[in-house]
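Peer 1: just the structure for this:
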Amino acid sequence: MHIRPAGSAPSRPAPMEYFTGAVWQEPICDPAETRALMALMVTFAPGARTHWHTHPLGQTLLVVSGCGLIQSRGRPVQTIRAGDRVWIPPGEDHWHGAGPDTMMRHIAMQETEDGVSAVWLEPVSDADYGQAGG
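Peer 2: So this is what the prediction gives:
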């Protein structure tokens, strides 16, 4: 058993090549500890979002605070709020992030396959993000 005290793992800015806007990540667990599960607490500033991406084994999001947006390619943008749990099936193109005027924090959980937990695609355009209607 290993207890990692709160605040012992530093917050880090999310990689700019996969996100738009100010996004912070805090590791919860990684495959080196769990063999397959990766989990992060992710905090999005208003307007911040992931790029389009997929997960080889799917992803679960648990929104812990704020109000955000999520979209699967070809479908309408949807609102997600604190307490919502979202399952994204394997291989589904999607993005998620904060609302235009609100921060959003979620726990992102996904398993790795051959060391890969996400396949990153192109940025979400401002026009596509704006489809949410603010």
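Peer 1: what ranges do the strands span in this structure?
Peer 2: For the chain, the strands defined by DSSP state E occupy 12-13, 19-20, 23-29, 37-44, 49-50, 53-54, 59-72, 78-81, 85-88, 94-98, 104-111, 119-120.
Peer 1: leaving out sequence neighbours, find the closest residue to A48.
Peer 2: Across the structure, with CB to CB, 6 or more residues apart in numbering as the measure, the residue nearest A48 apart from its sequence neighbours is G21 (2.9 Å). Placement of C-beta: from N, CA and C, glycine included.
Peer 1: got the contact list for the spatially most central residue of the chain?
Peer 2: Nearest to the mean C-alpha position of the chain, by CA atoms, centre = their mean, lies A108 at 5.4 Å. When the contact criterion is CB atoms under 8 Å, 6 or more residues apart in numbering, the partners of A108 are 39-40, 42, 59-61.
Peer 1: pLDDT below threshold where in the protein?
Peer 2: For the chain, applying pLDDT under 70 flags the ranges 31, 132-134.
Peer 1: could I get the contacts of A108 as JSON lines with neighbour count?
Peer 2: As requested, the contacts of A108 are arranged in JSON lines below (neighbours: other CB atoms under 10 Å):
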{"residue": "A39", "neighbour count": "19"}
{"residue": "L40", "neighbour count": "20"}
{"residue": "V42", "neighbour count": "22"}
{"residue": "Q59", "neighbour count": "23"}
{"residue": "T60", "neighbour count": "16"}
{"residue": "L61", "neighbour count": "21"}
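Peer 1: greatest separation within these: which pair is it?
Peer 2: V42 and T60 (12.8 Å; CB to CB).
Peer 1: how much space between the residue lying farthest from the centre of the chain and T112?
Peer 2: Among the C-alpha atoms of the chain, the one most distant from their mean position (CA atoms, centre = their mean) is that of M1, at 27.8 Å. With the distance defined as CB to CB, to the nearest Å, M1 ends up 23 Å from T112.
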